[in-house]
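Undergrad: Provide a 3D model corresponding to the input given below.
(one chain, ligands or ions: 2)
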Amino acid sequence: MQEFVTVNFETGAMDGHLKYGESNIGDLVGFFEDEAARKALPQNLVVYQVQSYCPEAEGTEGGLFFGVSKVLPGLVGDEYFMTKGHFHAEEDTAEFYWGITGQGLLLCMDEQGRTTCRQISPGVLLYIPRRSAHRLVNTGNSVLTVGACWPSNAGHNYDRIRRTGFSVRVKNINGAVSVVPTSD
Ligand code: F6R
Ligand code: ZN
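TA: Ligands and ions are numbered 1, 2, ... in the order given. Presented below is the predicted three-dimensional model:
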């Protein structure tokens, strides 16, 4: 029998048989530019949470997963709270993201390191093409809630992002959202 899962599409609240993941400041070593600022924050401060409905075994071809990510508002130094970001381990898999609450940016970076930056807010549907890394950035003062649907064989590859990051960073500079090239 199929599991019964509910989603409130106005808030992103999900209920049922779900997986739950959480990343706090202590988990995000190497992802933000200002390591001293990251270390100075409470290590148990939550940056983002993900609930997902995975009706197939991880790695199954032809299936789908569904999730809701919540990125909290905040800064590490002058860089906005964001997800780690990843390429899919199975590179030829795409994904849909759509905005539910809050304001933010979706960064997509191709294999050559070219990053595009799109605004995400309630009602906006964004397609993430295969072979592109993706990261959510909360540029607002409230929780950024984003729905997602991706193939069950996509998997996650965080290694390249941990090593080289995206080619841009999203910062609050003099109160304005600024997308700046990553410094080496
Ligand atoms: C799944 C997907 C999202 C992210 C989530 C957390 O392929 O893109 O569900 O996994 O937004 O971000 P990461 O995985 O980059 O920590
Ligand atoms: Zn993904």
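Undergrad: contacting residues around residue 42?
TA: residue 25 (CB atoms under 8 Å, 6 or more residues apart in numbering). In this view, the C-beta of every residue, glycine as well, is placed from N, C-alpha and C.
Undergrad: tell me which parts of this protein are close to ligand 1?
TA: 50, 67, 69, 83-86, 95, 134, 136, 148, 150, 154, 156 (CB under 6 Å from any ligand atom).
Undergrad: show me the contacts for the nearest residue to residue 34 once chain neighbours are set aside.
TA: The spatially closest residue to residue 34, leaving aside those adjacent along the chain, is residue 77, at 3.3 Å (CB to CB, 6 or more residues apart in numbering). Residues near residue 77 by CB under 8 Å, 6+ apart: 32-34, 36-38.
Undergrad: In the lowest-mean-pLDDT helix or strand in the chain, which of the residues would be classed as buried?
TA: Ranked by mean pLDDT, DSSP states H and E, the helix or strand of the chain with the weakest confidence is helix 159-164, at a mean of 92. The neighbour-count check on helix 159-164 (16 or more other CB atoms under 10 Å) flags residue 161 as buried.
Undergrad: Could you list every helix and strand in contact with that helix?
TA: strand 133-138 (3 or more CB pairs under 8 Å, 6 or more residues apart in numbering; DSSP states H and E).
Undergrad: where do the helices sit along the protein?
TA: 35-40, 159-164 (DSSP state H).
Undergrad: per-residue pLDDT, residue 2?
TA: pLDDT for residue 2: 57.
Undergrad: Actually, residue 112.
TA: pLDDT, residue 112: 96.
Undergrad: And for it, the neighbour number?
TA: 6 (other CB atoms under 10 Å).
Undergrad: now residue 80
TA: 23.
Undergrad: Would you check that it makes contact with residue 138?
TA: Yes - Residue 80 is within contact range of residue 138, at 5.8 Å (criterion: CB atoms under 8 Å).
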